[in-house]
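# Show me how the following folds:
(2 chains)
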Amino acid sequence: MGANVVPDVATKSGVSRRAFLRASALVGGGLLLEFHAPNLRAAASAAGATLNAYISVAPDGIVTIAAKNPEIGQGVKTMLPMLIAEEFDVDWKSVRIEQALADGAKYAPQFAGGSTAAPLNWEPLRRVGAAAREMMLRAAAADWGVPASELRTAAGAVVHVPSGRKLGYGELGAAAAKIAPPDPAAVRLKDPKDFTIIGRSVPGVDSPLVVQGKPLFGIDVTVPGMKYAVYAKCPVFGGTVVNANVDALKSLPGVHDAFILRGDATVAGSTGSLDRLVDGVAIVADTWWLAEQAREQLEVEWDEGDAVHDSDARFAAEAARLRDETPAAYIVKNGDVDAALASATQVLEADYQYPFLAHATLEPQNCTASYAGGKLEIWAPTQNPESNRTVISRTLGIAPQDITIHLTRCGGGFGRRGASDYAVEAAAIAKHAGVPVKLVWNRADDIQHDFYRPAGFHHFKAGLDRSGAVVAFRDHFVTPGSGDGPASSAYAGPDEFPSRFVANLEFAASFIPSGVPTGPLRAPESNGLAFAFQSFVDELAHAAGRDPLQYRLDLLGEPRVLDSTDDRYGPQPDFDTGRMRGVLELVREKSGWQSRQKLPAGTGMGTAFYYSHMGYFAEVVQATVAADGSLKVDKVWIAADVGSHIINPTGAENQVQGAALDGIGQALTRINIENGRAVQSNFHDFPLLRINQAPPVEVHFRRTDNPPTGLGEPALPPVIPALCNAIYAACGNRVRRLPIEPQTLARA
Amino acid sequence: MKLTLKVNGEGRSVDVDPRTPLLWVLRDELELKGTKFGCGMSLCGACTVHVDGAPTRACVTPVSAVAERAITTIEGIGATPMGSKVQAAWLDVDVVQCGYCQAGQVMSAAALLSRNATPTDADIDTAMAGNLCRCGTYTRIRAAIKRAAGLPATDTREG
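As a prediction, this is how the structure comes out:
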């Protein structure tokens, strides 16, 4: 699940020492960060002495740390326990990690999304570790009858400095567990120069199991007596079942049951929402393959509903019509754009557009559910367990506390597993069938019943003065939505660059009614907006006859901090032009940008920067376009500023490289909508980036004195315009419509 | 239909429709969950196993076609010298993000190195292009293959 991240107003000058952050999911995928204290109540554990909800210590000194958030490949099962282990002051080799159950009371915020794990947990989880360390100190002080001030800790032991006596945490655990946990806000944290774990590369804790093929993922779950299920839904979004040949299916080999489930139509605005049960036909069989075979005999009469009229052609026609009409809404309106355009030396106008995209996690959506005696247990590859609980409870009338949620490793997330559709389906099928059930979608289910990165259309108009400076800037954004507002993740905010940097500036929006479900895809909103805005800014630089990187630096101006004007989810963080300048200058140096004129004909460099999820990223792409238009991405350089510490450098570099390759992949693929359904169904027609297309990605972090922020998402947005700008530099063709279609780049 | 399969050096009996893809026999009959379902159409490589040493997509291979032949899965590849070398390189380089594709990647890489001890970047591209990684760990997959082969990590594609 992705979302723009919004620190509470009180964090504006950085994370307060005595305060904690809490996130609560808001309607539309937004996140509000609020203050909270970590819950330090102890829980029973077989692993030994339990110090708090996260830490237990066995007599042999092995420390078990709970990993609270869902692991979707972003590395939090390793990174978050590192924060605890650092301040508990143990040797990482003595640490074992256990995935926590979904438990909002104990572990909130417990979700994966918005690149929030680092900023939300940086301080609270270190305080969890420091509080437990304090308990060890007090236990040792009592045991020895010495003042705690004479004690220090090191590598999982308490040492009495004057005498040199030493007690291991394993020996102290039982006594420490009886001590009342100290106020986490009052415990002392380490001086960062004493860190032994934070800042050190720690390989993924599950990786040894992954490379041996151990069953870690949702799709690998086995429950005694379990059957397998498929669930067939109307190919048209929002369609319902009129009738189906379920009785005939029941006699097929291995089929245990087949039945129609009615969707929950009571959810407001339900067409576009996947947080509900939708109509479908469930087939439950002895094996998944037999269920899938039976599905081939399935005959359903669907009521296709209103979305059947949706198509790319209709959206494009609507966008073309709305483009020149009075906008439905103004996002920001500063100065007098018309007057400034009238007096400009040059006026540029361009239309940009980008398509719908699916998430296509490599592990298809799945969930295992067991229902008995009014209680439900699910094993869910989910990014958002508490949402699963809410949706299932509401749909099936099971009390929230009667739902147990096991978090499995997720085979990718990218936002997709923030919705609860697959989880409520599994729960509903298990409840109806009366047996434990593992529901597994096939790839076509996954691609055709996604919520999509919304398509978008931008009509830009800008004016330059004699010196090439931008004196007027206008965007009319046409996007899926209802009459007066955008669909999920189809928004543009008032802070989009160059807002706040051009005096006469106007962002407006109009909305195309649509039944296509939309929602957050890795770096939501930003993944489309960065392409449009940073490509058009590149056009302005070229029109001004300027170096596109220097032009951006000049637009940013002197280092200073600008207030956000976006209050969609509450106050947003400030924008520090100095931090963005810093990464632009760094990527200029590392990429050899200044020597780009020496590149051979057909090869070019492009640049872009983007600020999202509190991260500052500037990127350069080098690309080669052959005469026939075939495209090769030669290399990507990335400079990033995500604050003072890179908590786990190996994981951080991997995330940034992966995000860049994900972005290049996004730029080369699309979902088409025809007759209210997704046209594509598998990786032959919805291609993902392959190794032979993947360039080297060089990553540089610039440390600044700011609290650490997340890395799952912010590297992605700028790579797309940097690539398109490189294509322009290479061959003179400006990419104004995604996906990039190499055949359109051919030179006569 | 009753079949005896030779999986990771062991005889395993199953009673299934002979058209059942090997993938689902491995996963749901033999409880070997390491081989992954990604596409069902031989497009993503997540289900790669070795049949008589050759990389094979289990999702489109009917089980009847591989009876009597030596099937090696990710659960068994570590018992081969090349397989354990590849697994170790994967950990040394810290390749994994979500990990879902990595069983298939390891199987394709082990097959590549078994027939080509010193692959070039172009050889790696050819052998590995059928294995999707949605997280984009390709930079490290390339580096890990070279490490397993004892080759320098230099990416020769960079001019």
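
# Closest residue of the stretch 151-300 of chain A to chain B?
Chain B sits closest to A:Gly213 of the stretch 151-300 of chain A, with a gap of 2.0 Å, by Cβ to the nearest Cβ. C-betas here are computed from N, CA, C, even on glycine.

# Confirm that residue sits in a strand?
No: checked against DSSP: H, G, I helix; E, B strand; the rest coil, A:Gly213 lies outside a strand; its state is coil.

# who's in contact with the residue of chain B found nearest chain A?
Per Cβ to the nearest Cβ, B:Gly34 is where chain B lies closest to chain A, at 2.0 Å. Neighbour list for B:Gly34: A:212-215, B:73-75, B:103 [criterion: Cβ atoms under 8 Å, 6 or more residues apart in numbering or on different chains].

# now do 7 Å
Taking Cβ atoms under 7 Å, 6 or more residues apart in numbering or on different chains, we find B:Gly34 in contact with A:213-214, B:73-75, B:103.

# of all these, which two lie farthest apart?
Using Cβ to Cβ, the contacts of B:Gly34 span at most 12.1 Å, a distance reached by A:Lys214 and B:Thr73.

# the more surrounded of the two?
Neighbours were counted for A:Lys214 and for B:Thr73 using other Cβ atoms under 10 Å in any protein chain shown; B:Thr73 has more, 24 against 18.

# So what pairs up with A:Leu505 in the strands?
Per DSSP bridges, the residues bridged to A:Leu505 are A:Asn334, A:Phe473.

# Count the residues that sit near it.
A:Leu505 has 24 neighbours, counted by other Cβ under 10 Å.

# Within the helices and strands, which one has the residue nearest the centre of chain B?
Closest to where the C-alpha atoms of chain B average out (Cα atoms, centre = their mean) is B:Met107, at 2.2 Å. For B:Met107, the host element (DSSP states H and E) is helix B:102-115.

# Do that helix and chain A come into contact?
Yes: using Cβ under 7 Å from any Cβ of the partner chain, we find that helix B:102-115 touches chain A at B:102-103, B:106.

# Give the other helices and strands that that helix contacts.
In terms of contacts (3 or more Cβ pairs under 7 Å, 6 or more residues apart in numbering or on different chains; DSSP states H and E), helix B:102-115 is packed against strand B:48-51, strand B:54-57, helix B:74-77, helix B:81-93, helix B:121-128, helix B:138-149.

# Can you list the neighbours in contact with the fifth one?
When contacts are taken as Cβ under 7 Å, 6+ apart, the neighbours of helix B:121-128 outside the stretch itself are A:691-692, B:108-109, B:112, B:116, B:119, B:141-142, B:145, B:155-157.

# Of those residues, grab the buried ones for PyMOL.
Buried residues among those (16 or more other Cβ atoms under 10 Å in any protein chain shown), as a PyMOL selection:
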select buried, (chain A and resi 691) or (chain B and resi 108+109+112+119+141+142+145+157)
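
# Low-confidence bits of chain B, can you list those?
B:158-159 (pLDDT under 70).

# make it 80
For chain B, applying pLDDT under 80 flags the ranges B:157-159.

# domains for it, by residue range?
In terms of domains, chain B is parsed into B:2-76, B:78-149 (source: automatic domain parsing).
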